[in-house]
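Visitor: sequence and predicted model, in that order:
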Amino acid sequence: MDIQNFLSQLGLSEKESQVYLSSLKYGSQTASTLALKTKLPRSTVNFVFADLLHKGFASKESKSNSTYYTATPPEDIRYNLDQKKASLRKLESDFNEILPYLEGLQTSGTPMPKVRYYEGLEGLYRTIDDCCDQDETVHFISSHNNMHPKIRDYIEKIYIPRSQKHKNKNVMIINEGQSADTYLQKAAGVYKEVHKVDPQKNLFKLTTAIHGNNTLFISYAPEDLSGLIIENELIADHMRTIFDIVKKGL
């Protein structure tokens, strides 16, 4: 079985899985030692361990004025699975209780909003889902060179696998850069057209996505995690026209 894939289903990113497995192999170590073992920056190892601690996949202790991290024993992962099962059962129970109220709102004729605003990581995950839920062509104008690492992990773990299964492939105009090149390699089979632009001449600070009747304006930058979805056929058609004009001018 693919261990990395299994750990991703438990909620670990690629780097979190790498650090967890290395910690499991080498035992209790400082971040500096594991940085050497994994060839990751020490700051990244510290950042990853903070998330592993939060998710219950590691523990830490102070010894001789140093912090030592230890991977959670494999047998304890079953406890994490049992916790997830209990949480899902509780969520299902709560949903069954609130369902009649939600259905009552639906039958009251309350219109769905035409503009939706999102912020924070969880909010932006929803905008990413919006771009891959339907099998339809999505037009992107984007920069992948200034993106929160957790957003990048979500795109690689959720958006890419879903989009690769679609018959309708996407189109992208993207800023040149190492991060963009790495992303495009991982996103093989997602796009039918990719047009690169020099960020020194045309710097895109936001991601624009157009599909169906929806137009999204999203900031994936760590300092401003926010997004807007406008549901309007005229605006979506207008933005597709702008996309074509930009593409022809490259």
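Guide: Received it, and whenever you're ready, just let me know what you need.

Visitor: tell me the centre residue of the protein?
Guide: What sits nearest the mean C-alpha location of the chain, by C-alpha atoms, centre = their mean, is Y154, with 2.0 Å.

Visitor: look up how far R126 lies from L99.
Guide: According to C-beta to C-beta, to the nearest Å, L99 and R126 sit 21 Å apart. C-beta coordinates here come from the backbone N, C-alpha and C atoms, glycine included.

Visitor: what of R162?
Guide: R162 is 14 Å from R126, by C-beta to C-beta.

Visitor: give me the element the spatially closest residue to K157 that is not a sequence neighbour is part of.
Guide: Leaving aside its sequence neighbours, K157 sits nearest to S8 (C-beta to C-beta, 6 or more residues apart in numbering; 5.8 Å). Here S8 sits within helix 3-9, counting by DSSP states H and E.

Visitor: and E223, what does it touch?
Guide: Counting by C-beta atoms under 8 Å, 6 or more residues apart in numbering, E223 touches no other residue.

Visitor: could you confirm it falls within a strand?
Guide: No - membership of E223 in a strand is not supported by DSSP: H, G, I helix; E, B strand; the rest coil, which gives coil.

Visitor: would you quantify the distance from it to E16?
Guide: E223 is 23 Å from E16, by C-beta to C-beta.

Visitor: what of K167?
Guide: 33 Å.

Visitor: more neighbours, these two?
Guide: E16 (22 against 7; other C-beta atoms under 10 Å).

Visitor: tell me the buried residues in the strand or helix carrying the more buried one?
Guide: E16 is part of helix 14-26, with elements assigned from DSSP H and E. Of the residues in helix 14-26, those with enough neighbours to count as buried (16 or more other C-beta atoms under 10 Å) are 15-23.

Visitor: reformat those as TSV; add distance to Q4 and pLDDT.
Guide: Formatted as TSV, the buried residues of helix 14-26 follow (distance: C-beta to C-beta, whole Å; pLDDT from 0 to 100):
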residue	distance to Q4	pLDDT
K15	11	90
E16	10	91
S17	5	91
Q18	8	91
V19	12	93
Y20	10	92
L21	8	93
S22	13	93
S23	15	92
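
Visitor: could you dump the residues you listed to TSV with distance to D181?
Guide: Output for the buried residues of helix 14-26, formatted as TSV (distance: C-beta to C-beta, whole Å):
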residue	distance to D181
K15	19
E16	24
S17	23
Q18	21
V19	25
Y20	28
L21	27
S22	26
S23	30
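
Visitor: the strands in the chain, which residues?
Guide: All strands of the chain, identified by DSSP state E, fall at 29-30, 58-63, 66-71, 115-119, 139-142, 170-175, 191-197, 207-211, 214-219, 226-231.

Visitor: report the distance from the helix or strand bottoming out on mean pLDDT in the chain to the chain centre.
Guide: Least confident element among the helices and strands of the chain, by mean pLDDT, DSSP states H and E: helix 77-107 (a mean of 79). Remark: helix 77-107 is offset 23 Å from the chain centroid, using C-alpha atoms, centre = their mean, to the nearest Å.

Visitor: stretch 46-63 too?
Guide: That offset, for stretch 46-63, works out to 21 Å (C-alpha atoms, centre = their mean).

Visitor: in that stretch, what counts as buried?
Guide: 46-49, 51-52, 57-58.

Visitor: same check on stretch 243-250?
Guide: Buried residues in stretch 243-250 (16+ other C-beta under 10 Å): 243, 246.

Visitor: quick one: average pLDDT of that stretch?
Guide: In this model, stretch 243-250 has a mean pLDDT of 87.

Visitor: and what of stretch 163-171?
Guide: 96.

Visitor: got the contact list for it?
Guide: 131-132, 135-140, 187-194, 243.

Visitor: how long is that stretch end to end?
Guide: 12 Å (C-alpha to C-alpha, to the nearest Å).

Visitor: with that, I have no additional questions.
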